[in-house]
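> structural data only, the sequence is not supplied:
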C-alpha cells in the first residue's frame with residue numbers, strides 16, 4: 001500500500017470516532033514509519049512494507065477505541081519538550097502551559113527561585129520551569145512510584161539537573177518548608193463526571209479524580225501550602241473549567257491575597273493563584 005492510500009484509508013477508519021481523524025492518521029503513520037509528518041507528503045508514492053502496514057493497522061484499531069495517541073507513540077510534546085508518557089502518567093495538555101507562563105511571570109524578578117511542583121506526573125510543569133529558569137531549584141513530588149520512574153527517565157533524557165523528584169503524598173514528605181513558588185495540577189474531576197467514559201478513561205484515575213465533587217485535593221493543597229511558602233510567595237493551581245469561582249472562594253476563605261482566576265486558550269477558567277496569607281503579628285493584641 002502506498003503512503004497516500006494508507007493515509008486516506010486510515011482517515012476513513014477513524015472518522016466516526018475522532019474529530020481529528022486526518023491528523024491522527026498522519027501522526028500514527030509517521031510513527032510507524034519512524035519519520036516526521038513532512039515525509040508523508042514528500043514521498044506519497046512510497047510503498048509500506050507488510051510489517052509497516054500491519055503496525056499501522058494495529059495503531060488505527062487502538063485509536064478507534066479512543067486509546068490516546070500519546071500512549072500509542074509513547075511521547076507527548078509540552079512546552080516544546082518531548083516527554084515520554086505511559087498509562088502511568090497523565091498526558092500533558094496544552095492548557096497547562098498557562099500555569100507555566102503565569103509561574104514564570106511571578107518569579108521573573110526572583111533570583112535563584114525555589115519551586116515546589118506537587119503531583120508532577122511525567123514532570124511536564126517542572127521541566128518547563130527548569131528549562132526556562134536554569135538558576136532555579138525545584139522539588140517535584142508524586143505519590144506514584146511508577147510516575148516518578150517516568151519523570152526520572154525524562155529528566156535524564158532532557159539532561160536537566162536542577163530538579164529533585166521525591167515520593168510524597170502532597171506535602172507529607174517534602175523535606176523543606178520555604179519555597180518562592182508552589183504549583184500543582186492536581187486531580188480535580190468528580191468521580192461521577194461523564195468525561196471519564198471517553199478518552200481520558202485510559203489515563204491513571206489517581207491523577208484525574210478527586211472526592212468532594214473534584215475539590216478534595218485542591219482543598220488540601222490550598223490549606224497546607226502557606227506552611228511551605230515564603231512571605232509574599234505564590235500558590236498556583238490548575239482546576240476544571242467550571243471550578244474557577246469555587247476555587248477562588250477557597251483561596252479567599254484561606255485568606256490568600258491578590259486571588260485571581262485566569263482563563264485558558266479556549267476561554268475556560270483554568271488556573272487560580274494567590275499570595276501566601278499574611279501571618280498575624282504575635283505581638284499584636
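Everything's here; your move. Just so you know, these numbers come straight off a predicted model, no measurement behind them. Residues are numbered from 1 along each chain as shown.
> may I see the buried residues of stretch 78-98?
78-79, 81, 83-86, 88-92, 95-98 (16 or more other CB atoms under 10 Å). For the C-beta atoms, the positions are set from N, CA and C on the backbone; glycine is no exception.
> out of the residues you listed, which are inside strands?
78, 81, 83, 84 (DSSP state E).
> what's the neighbour count on residue 58?
13 (other CB atoms under 10 Å).
> which residues does residue 218 contact?
Going by CB atoms under 8 Å, 6 or more residues apart in numbering, residue 218 touches 186, 188, 210, 237, 239, 243, 247, 250.
> contacts only, for the residue lying closest to residue 278 once chain neighbours are set aside.
In space, and not counting its chain neighbours, residue 278 is closest to residue 257: 6.8 Å by CB to CB, 6 or more residues apart in numbering. Residues in contact with residue 257 (CB under 8 Å, 6+ apart) are 274, 275, 276, 277, 278.
> top of the residues you listed by number of neighbours, please.
Going by other CB under 10 Å, residue 274 tops the contacts of residue 257 with 24 neighbours.
> what's the longest strand in the chain?
Max-length strand for the chain by DSSP E is strand 229-238.
> whichever helix or strand comes after that one - contacts with which helices or strands?
Once strand 229-238 ends, the next helix or strand along the chain (criterion: DSSP states H and E) is helix 244-253. Contacts defined by 3 or more CB pairs under 8 Å, 6 or more residues apart in numbering; DSSP states H and E place helix 244-253 against helix 216-224, strand 257-263, strand 269-275.
> any buried residues in the first one, and which?
For helix 216-224, the buried set under the neighbour-count rule, 16+ other CB under 10 Å, comprises 217, 218, 219, 220, 221, 222, 224.
> which of the residues you listed lies at the shortest distance from residue 133?
Closest to residue 133 out of the buried residues of helix 216-224 is residue 221 (21.8 Å), distances taken as CB to CB.
> roughly how far apart are the closest residue to the closest one other than its chain neighbours and residue 222?
Spatial nearest neighbour of residue 221, excluding adjacent residues (CB to CB, 6+ apart): residue 184 at 5.5 Å. Distance of residue 184 to residue 222, given as CB to CB, to the nearest Å: 10 Å.
> so what touches the longest strand of the chain?
Contacts for strand 229-238 (CB under 8 Å, 6+ apart): 95-96, 99, 102-103, 106, 178-186, 188, 218, 221-222, 225-226, 247, 251, 256, 270-276, 279.
> look up phi and psi at residue 185.
phi -120, psi 80 (degrees, to the nearest 10).
> what residues are up against it?
Residue 185 makes contact with 90, 96, 99, 119, 121, 125, 237, 238, according to CB under 8 Å, 6+ apart.
> from those residues, pick the one nearest residue 154.
residue 121 (10.1 Å).
> what about the nearest residue to residue 107 once chain neighbours are set aside, distance to residue 144?
Of all residues not flanking residue 107 in the chain, residue 113 sits nearest, at 4.4 Å (CB to CB, 6+ apart). For residue 113, the distance to residue 144 (CB to CB) stands at 26 Å.
> for these two, indicate the residue with more neighbours.
The neighbour count for residue 113 versus residue 144, taken as other CB under 10 Å, is higher for residue 113 (22 against 18).
> so that one makes contact with residue 132?
No. Assessed by CB atoms under 8 Å, residue 113 is found out of contact with residue 132, at 10.9 Å.
> what's the distance between the residue nearest the centre of the chain and residue 185?
Residue closest to the average C-alpha location in the chain (CA atoms, centre = their mean): residue 92, at 3.3 Å. Here residue 92 is placed at a distance of 9 Å from residue 185 (CB to CB).
> likewise for residue 58?
32 Å.
> check contacts around the closest residue to residue 136 other than its chain neighbours.
Leaving aside its sequence neighbours, residue 136 sits nearest to residue 113 (CB to CB, 6+ apart; 4.8 Å). By CB under 8 Å, 6+ apart, the residues touching residue 113 are 107, 133, 135, 136, 137, 180, 181.
> now the last one: phi and psi?
Looking back up the chat, that one is residue 181. phi -160, psi 140.
> secondary structure element for the residue lying closest to residue 44 once chain neighbours are set aside?
Leaving aside its chain neighbours, residue 44 sits nearest to residue 4 (3.8 Å; criterion: CB to CB, 6+ apart). Assigned by DSSP H and E, residue 4 belongs to helix 3-14.
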